[in-house]
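Undergrad: For reference, the sequence and a predicted model appear below.
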Amino acid sequence: MRSAAGLLVALLLAGCEAGRERVANPAAIDVAFQWTAADRCSPRSPALTIRNLPPGTARVAIRLTDLNMPTFSQSGDVFVPPTGQVAPGTLPNYTGPCPPAGERHSFRFTVEAVDASDRIIGTGQATRMFPPE
């Protein structure tokens, strides 16, 4: 059931992203985050630090993908304060990393800066294994 739901979400998200225009040479964004053991299967997203947002950023689109199971992908748009700190628990419709017991998976947060015209003007990503060592 989870695989089917993950596939449906991935297809829906792919359709949403296809409508966004990407400017030529989007700015590079720095993204950082840390996992804790408490993040396993949690609906509370970790804190993210986002730096170097380009001028004109209206919001950021954030996607979490399990690289070992790419059909498990989720995303949402959030407003990032000027400090670049996305507080824990603020990502909409979030489900934390939940690999099978005894397995470690690689998870990637992808961040896209979106301007008021809904164009992608900057991109960045950060990848970490879960569970953390």
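TA: Perfect, thanks for sending it.
Undergrad: Can you verify my assumption that residue 74 contacts residue 95?
TA: Yes - using C-beta atoms under 8 Å, residue 74 is in contact with residue 95, at 6.4 Å. To be clear about C-beta, it is placed using only N, CA and C from the backbone, and glycine gets the same treatment.
Undergrad: List the residues that contact the residue sitting nearest the centre point of the chain.
TA: Closest to where the C-alpha atoms of the chain average out (C-alpha atoms, centre = their mean) is residue 63, at 2.6 Å. By C-beta atoms under 8 Å, 6 or more residues apart in numbering, the contact list for residue 63 reads 13, 73, 74, 75, 109, 110, 112.
Undergrad: try it again with 6 Å
TA: 75, 110 (C-beta atoms under 6 Å, 6 or more residues apart in numbering).
Undergrad: Kindly report the same for the one 5 residues further on.
TA: Residue 68 makes contacts with residue 105, as judged by C-beta under 6 Å, 6+ apart.
Undergrad: For residue 85, see how far away it is.
TA: With distances taken as C-beta to C-beta, to the nearest Å, residue 68 is found 28 Å from residue 85.
Undergrad: likewise residue 46?
TA: Relative to residue 85, and taking C-beta to C-beta, residue 46 is found at 12 Å.
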